[in-house]
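**Q** Sequence and predicted structure, then a few things I'm wondering about:
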Amino acid sequence: MGINDTSEKPANSGTFGALGEYFGFEEHGTDLRTEIIAGVTTFLTMSYIVVVNPGILADSPQVPIQDGIQLANYSYGATVSMLAVVTIIAAAVATLTMAFYANRPFAQAPGLGLNAFFAFTVVGALGISWQTALAAVVVEGIVFIALTAVGARKFVIRLFPEPVKFAVGTGIGLFLAIIGLEAMNVVVADQATYVTLGPVASDPVAILSVVGLFLTFALYARGIPGSIIIGIVATTAMGYGAEWLGLVQANTLTPAPVNATYNIAPLAGAFISGLQSVEAFSFALVVFTFFFVDFFDTAGTLVGVGQMGGFLNDEGNLPDIDKPLMADAVGTTVGGMLGTSTVTTYIESASGVEEGGRTGMTALVVGVLFLISLAFVPVAAAIPQYASHIALVVIGVVMLGNVVDIAWDDITNTVPAGLTILIMPFTFSIAYGIAAGIISYPIMKLAAGERDDTRLGHWALAAAFVLYFFVRTSGVLEGNV
């Protein structure tokens, strides 16, 4: 086009066109509107972490022993508020790294389960200072960065047996569904059966959740764009409306507000002092545990959500997986330096992928929304958990369709795939499900006389997981502190 050319510019020129070109909208069969809807959906689905993570990490004043982060001269409420800010910043940094470096629609934030291990096991049961626990997170992140840079993490993930890779998506689907149903009070704890049906005819949260769930399913079935967002927002509005009309007591269907405290100086950099009081063996065991859970949680999420989005190649591998892995490693390192537990890729990213998110633009929207929420710490807390978790049940049901990729007529595939799928929701751990599948695969192949189908790496991974389960469940951690 010449300097004096006055012909009409294409409709996608300018800023929007530049975004489309940078993220490759045409190549991935998407557009800006779809990516924005996907990003908003993912953010709404995972925004609960802004409130939940601080609540887990902060030392509870009701517990006689320290079981989390306790800041001298600061109240519990002030600590929670600081942790909310740190959670938002860590999530934004990690997710924006995912957007611009990896160009994948995956969102990141401090991981559930890992934060509980940090607070209740490492700090609480083991008596390790929270500063040293943060140091373990930073060390883990640095190790991840090094391993990712040399391709070691990608190599290990590609060792996953094929039936395990194809089972991860369905296992995550069940995991998402049970998390969602529990938050909606549809599934509750039971001493005799462990879980049972909740009071869906008398509990206002359960009643509204069921209404919102079927509304979302109906919108989804009609093919209405943004159906998950509409369902979340509509359910939230009904909750606020029910309280405003006096149908239920205040704070029954709406979350309590969180106050803002932007000074995070007491948390940021605290890991440095933690490095000065390290007992080598127990510290190594803590780093080892953080490492294993984060490694395989992230691997499982990337493969499972990647399968859902059609990102995997014919071998069941995610192309250029080293880039999202590096984003995860950077997020963990930055998060530990700021003052939060391990950052990981969120399975809630599946909600945005289901809405059509295919590029880093989806992650960019999530990251920007996290940053915006800093101005209203946290604006995300206005979304009740039961409303946001409707998305998890919808996506969980959709992800069950991934089982068709598994060769169920081959028992050497059936056992590792079946264990992967079952163990994830029953233990509330993606890593444990993957571990069960990886351990069983070479054993089944050997028993069936198909030893040639296994590789040395399969046996090495299985042995590593056996060692991990011994460390995690034998009490060796508690006995060496």
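**A** Structure received. Residues are numbered from 1 along each chain as shown.
**Q** And the most centrally placed residue in the chain, how far from A167?
**A** In the chain, the centroid-proximal residue (CA atoms, centre = their mean) is Y346; its distance is 2.2 Å. Y346 is 20 Å from A167, where distance means CB to CB, to the nearest Å. For the C-beta atoms, the positions are set from N, CA and C on the backbone; glycine is no exception.
**Q** Buried residues in the top helix by length along the chain, which are they?
**A** Counting by DSSP state H, the longest helix found in the chain is helix 280-308. Within helix 280-308, the residues that count as buried by 16 or more other CB atoms under 10 Å are 282-283, 285-308.
**Q** check contacts around G309.
**A** P105, V353, G357, R358 (CB atoms under 8 Å, 6 or more residues apart in numbering).
**Q** among these, which two are most distant?
**A** V353 and R358 (7.5 Å; CB to CB).
**Q** residues shared between the contacts of these two?
**A** Counting by CB under 8 Å, 6+ apart, the shared contacts of V353 and R358 are A38, P105, G309.
**Q** now those in JSON lines, with distance to A58 and pLDDT?
**A** As requested, these are exported to JSON lines (distance: CB to CB, whole Å; pLDDT from 0 to 100):
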{"residue": "A38", "distance to A58": "32", "pLDDT": "95"}
{"residue": "P105", "distance to A58": "31", "pLDDT": "97"}
{"residue": "G309", "distance to A58": "35", "pLDDT": "89"}
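**Q** Out of those, which is nearest to G226?
**A** A38 (9.2 Å).
**Q** What number of residues are in the vicinity of that closest one?
**A** 30 (other CB atoms under 10 Å).
**Q** That one: which element?
**A** Element membership for A38 (DSSP states H and E) is helix 32-46.
**Q** Can you name every helix or strand that that helix contacts?
**A** If you count contacts as 3 or more CB pairs under 8 Å, 6 or more residues apart in numbering; DSSP states H and E, helix 32-46 packs onto helix 14-23, helix 227-244, helix 349-354, helix 360-373, helix 385-388, helix 390-399.
**Q** Show me which of those has the highest average neighbour count.
**A** helix 349-354 (a mean of 30; mean count of other CB atoms under 10 Å).
**Q** Any idea how far that helix is from the middle of the chain?
**A** 12 Å (CA atoms, centre = their mean, to the nearest Å).
**Q** could you say what helices and strands it packs with?
**A** helix 32-46, helix 280-308, helix 360-373, helix 390-399.
**Q** run the last query once more with 7 Å
**A** Contacts defined by 3 or more CB pairs under 7 Å, 6 or more residues apart in numbering; DSSP states H and E place helix 349-354 against helix 32-46, helix 280-308, helix 390-399.
**Q** Just the C-alphas of it, formatted as PDB.
**A** The C-alpha trace of helix 349-354 is given here as PDB (Å, rounded to 0.1, in the frame of the first residue of the first chain):
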ATOM      1  CA  SER A 349      -9.400 -22.900  32.300                       C
ATOM      2  CA  ALA A 350     -11.600 -25.600  30.700                       C
ATOM      3  CA  SER A 351     -14.600 -23.300  31.100                       C
ATOM      4  CA  GLY A 352     -13.000 -20.700  28.900                       C
ATOM      5  CA  VAL A 353     -11.800 -23.300  26.400                       C
ATOM      6  CA  GLU A 354     -15.400 -24.600  26.200                       C
END
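**Q** okay, and for this protein, where does confidence drop off?
**A** 1-15, 62-63, 257-260, 377-381, 476-481 (pLDDT under 70).
**Q** separation between P204 and F16?
**A** From P204 to F16 the distance is 43 Å (CB to CB).
**Q** Any buried residues in stretch 185-202, and which?
**A** In stretch 185-202, counting by 16+ other CB under 10 Å, buried: N185, V186, V187, G198, V200.
**Q** Could you look up the SS state of the first one?
**A** Just to be clear, that refers to N185. coil (DSSP: H, G, I helix; E, B strand; the rest coil).
**Q** residue contacts, the residue lying closest to it once chain neighbours are set aside?
**A** In space, and not counting its chain neighbours, N185 is closest to A206: 4.1 Å by CB to CB, 6 or more residues apart in numbering. By CB atoms under 7 Å, 6 or more residues apart in numbering, the contact set of A206 is M184, N185, V186, G198, P199, V200.
**Q** now, the most widely separated pair of these?
**A** Across the contacts of A206, the longest distance by CB to CB is 11.7 Å; it joins M184 and P199.
**Q** Give me the contacts around the helix holding A38.
**A** Here helix 32-46 has contacts from 16, 19-20, 25, 105, 107, 109, 225-226, 228-229, 232, 346, 348-349, 351-353, 355-357, 359, 361-362, 364-366, 369, 383, 388, 391-392, using CB under 7 Å, 6+ apart.
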